[in-house]
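Engineer: Kindly generate the corresponding structure for this input.
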Amino acid sequence: VAASPPEARELTGVDAIPTEGVPNVTGWYALPADAAPDAGSRILLNAAGESPNAVVPMSTVAPEYAPDGRALLAATFLGDGPLHRPADALRDDVRDALRAWFPEGDFADLETVDVHRIRFAQFAQPPGVHAALPDTDDPEGPVVLAGDYTEWSSIQGAMESGRTAAEAARAYL
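Structural biologist: Numbers count the residues shown, from 1 in each chain. From the prediction side, this is the model:
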């Protein structure tokens, strides 16, 4: 069963599958290339404030993603609040953060390209959650679980779970 945690739990009845999710909003922003912050390829973490949580200079690491003559930034907003905030308010938060980090910069022309709102980006991972996660072979019968919720909520956790699930499924062949 390779599905999101809530769907996997509904399909299999395995109670150990976590169903509390953490939302994520990713905003995509463009500004003139000559106005882009000089951050190199570093991820900018907002340690002083809550919004945005991080800004990534995407056009620095993947120039082909940026609109012609523009720099492209991705900003991450975690939690429930950003799911319900207007796109222009999120953009204003990004502009304010950039101005705080790069006071010599001009970010007046920062514009929103797109906003992705994901209600269940990953399962919640409070301390101790990993000891209670299900094993890939927890469902009864010839059913295996393949999802990050058997390891840890990440791409790596999903890949490790897929490998483990494939090994478990092989036993049923």
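
Engineer: show me the contacts for the residue sitting furthest away from the middle of the chain.
Structural biologist: Distance from the C-alpha centroid of the chain, by CA atoms, centre = their mean, peaks at residue 173 (35.4 Å). Residues near residue 173 by CB atoms under 8 Å, 6 or more residues apart in numbering: none. Quick note: C-beta positions are derived from backbone N, CA and C, even for glycine.

Engineer: ranges for the strands of this protein?
Structural biologist: 21-32, 44-45, 54-56, 70-78, 111-123 (DSSP state E).

Engineer: surely residue 19 meets residue 5?
Structural biologist: Yes - with contact defined as CB atoms under 8 Å, residue 19 and residue 5 form a contacting pair (5.6 Å).

Engineer: Now for these two: what residues contact both?
Structural biologist: Listed contacts common to residue 19 and residue 5 are residue 123; contacts here mean CB under 8 Å, 6+ apart.

Engineer: So between those two, which is more surrounded?
Structural biologist: Taking neighbours as other CB atoms under 10 Å, residue 19 and residue 5 compare with residue 5 leading, 24 against 16.

Engineer: Which residue, other than its chain neighbours, is closest to the more buried one?
Structural biologist: residue 149 (4.4 Å; CB to CB, 6 or more residues apart in numbering).

Engineer: what do you get for residue 121?
Structural biologist: Excluding its sequence neighbours, the residue lying closest to residue 121 (CB to CB, 6+ apart) is residue 24, at 3.5 Å.

Engineer: now the one you found, which residues is it bridged with?
Structural biologist: Counting by DSSP bridges, residue 24 is bridged to residue 78, residue 118.

Engineer: Now for it: which residues touch it?
Structural biologist: Counting by CB under 8 Å, 6+ apart, residue 24 touches 76-78, 118, 121-122.

Engineer: Might you report the residue contacts of the residue nearest to residue 169 when sequence neighbours are not counted?
Structural biologist: Excluding the flanking residues, the one nearest residue 169 by CB to CB, 6+ apart is residue 144, at 5.1 Å. Residue 144 is in contact with 1, 136-137, 165, 168-169, 172, counting by CB under 8 Å, 6+ apart.

Engineer: which of the residues you listed lies closest to residue 84?
Structural biologist: residue 1 (31.3 Å; CB to CB).

Engineer: And for that closest one, the neighbour number?
Structural biologist: Residues near residue 1, counting by other CB under 10 Å: 17.

Engineer: Many thanks, have a good one.
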